[in-house]
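Student: Okay, here's the prediction I keep looking at, along with the sequence it came from:
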Amino acid sequence: METVVSKDGTIIAFDRYGGGPPLILVSGATATRAAETSLAETMSGDFTVLSYDRRGRGDSGDTLPYAVEREMEDLEALINEAGGSAFVFGHSSGGVLALRAATSGLEILKLAVYEPPFIVDNSRTSVPDDYVAHLELAPIGWQLFILGIFLYDQTASSVSFDTLATRLLAQPLNRELIISLSQGSTIRHVYAATFRDYEVSLPPVEEQTVIAAVLSDMDAEIAALEARREKTRQVKRGMMQELLTGRTRLV
């Protein structure tokens, strides 16, 4: 990991790959530079690729108040790090940011964008004017949003992210604590280091083992009952055939 300092003093973290003309990858709103790793490695054979965490995400800093202009200054700092000019690829909202940066006069040699969130026809309904207000009134959705975008270090735990998120959100105290740990102005997040220091309230391993054993026994019992029900159903079906065909008569 390397860093540059943006105009307002915010530290911006980035990774550098390969060699050749500089190419800067601008990720979407809910992503970190980790999401661009595969693309960066693919392009590294032809370019010097700089993949960075946008401010308020991953290992980059976050200086308030937020403004799009500050993010454009972050991109400018990376362009200067690359030698004063660069190719730029933007994904989703990163594409919108890259387009605005290009029109502002930054030294972008060529620009490519993928899936910028524009609605340019009648193929779908536009976002309502009160969209942000509705998000702010949806605490559970907001908590899921926070969990979904923080930089999760897969090496820090053997538990999958989905499992960890489910366990955390199942407990109100954990949800409240995650909200209190979150940072950021427009994009709320929890730093990986902060999250690793958080003690997850889970039963001891021994208790989890007992619970798993009990659930396994219940599954086995359910399977046996279902097998017995199916056998009874077959006996009933056979009996009905015997009675309806007259092969067996009731006296």
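Tutor: Nice, I can see it.
Student: Gly58 in helix, strand or coil?
Tutor: Assigned with DSSP: H, G, I helix; E, B strand; the rest coil, Gly58 falls in the coil class.
Student: now the closest residue in space to it that isn't next to it in sequence: how far from Phe14?
Tutor: Distances taken as CB to CB, 6 or more residues apart in numbering put Thr32 closest to Gly58, at 3.6 Å, once the chain neighbours are dropped. Every residue, glycine included, has its C-beta placed from N, CA and C. Relative to Phe14, Thr32 is positioned 11 Å away (criterion: CB to CB, to the nearest Å).
Student: who touches both of these two?
Tutor: Asp53 (CB atoms under 8 Å, 6 or more residues apart in numbering).
Student: quick one: pLDDT of the residue nearest to Gly58?
Tutor: pLDDT recorded at Thr32 is 88.
Student: isn't it right next to Arg57, touching?
Tutor: Yes: counting by CB atoms under 8 Å, Thr32 touches Arg57, with 5.1 Å between them.
Student: tell me the domain boundaries of the protein?
Tutor: Following automatic domain parsing, the chain resolves into domains at 2-114, 131-196, 204-251.
Student: Confidence-wise, which of the ones you listed is weakest overall?
Tutor: Among the domains of the chain, domain 131-196 carries the lowest mean pLDDT, at a mean of 54.
Student: So Phe89 lies in a helix, does it not?
Tutor: No: assessed with three-state DSSP, Phe89 is strand; it does not lie in a helix.
Student: What sits closest to it if chain neighbours are left out?
Tutor: Ala112 (4.9 Å).
Student: Endpoints of stretch 100-116, how far apart?
Tutor: 12 Å (CA to CA, to the nearest Å).
Student: What residues sit buried inside that stretch?
Tutor: Arg100, Ala101, Ala102, Leu106, Ile108, Leu111, Val113, Pro116 (16 or more other CB atoms under 10 Å).
Student: ok, of these, which one's closest to Thr209?
Tutor: Taking CB to CB as the measure, Thr209 lies nearest Pro116 of the buried residues of stretch 100-116, at 49.5 Å.
Student: Now that closest one: closest residue in space that isn't a chain neighbour?
Tutor: Here the residue nearest Pro116, using CB to CB, 6+ apart, is Gly95, at 3.8 Å.
Student: which other residues reach stretch 101-111?
Tutor: Stretch 101-111 is contacted from outside by 21, 72, 75-76, 79, 84-90, 98-99, using CB under 8 Å, 6+ apart.
Student: repeat that for 7 Å
Tutor: Met72, Leu75, Glu76, Ile79, Gly84, Ser85, Ala86, Phe87, Val88, Ala98 (CB atoms under 7 Å, 6 or more residues apart in numbering).
Student: Thanks again, I'm all set now.
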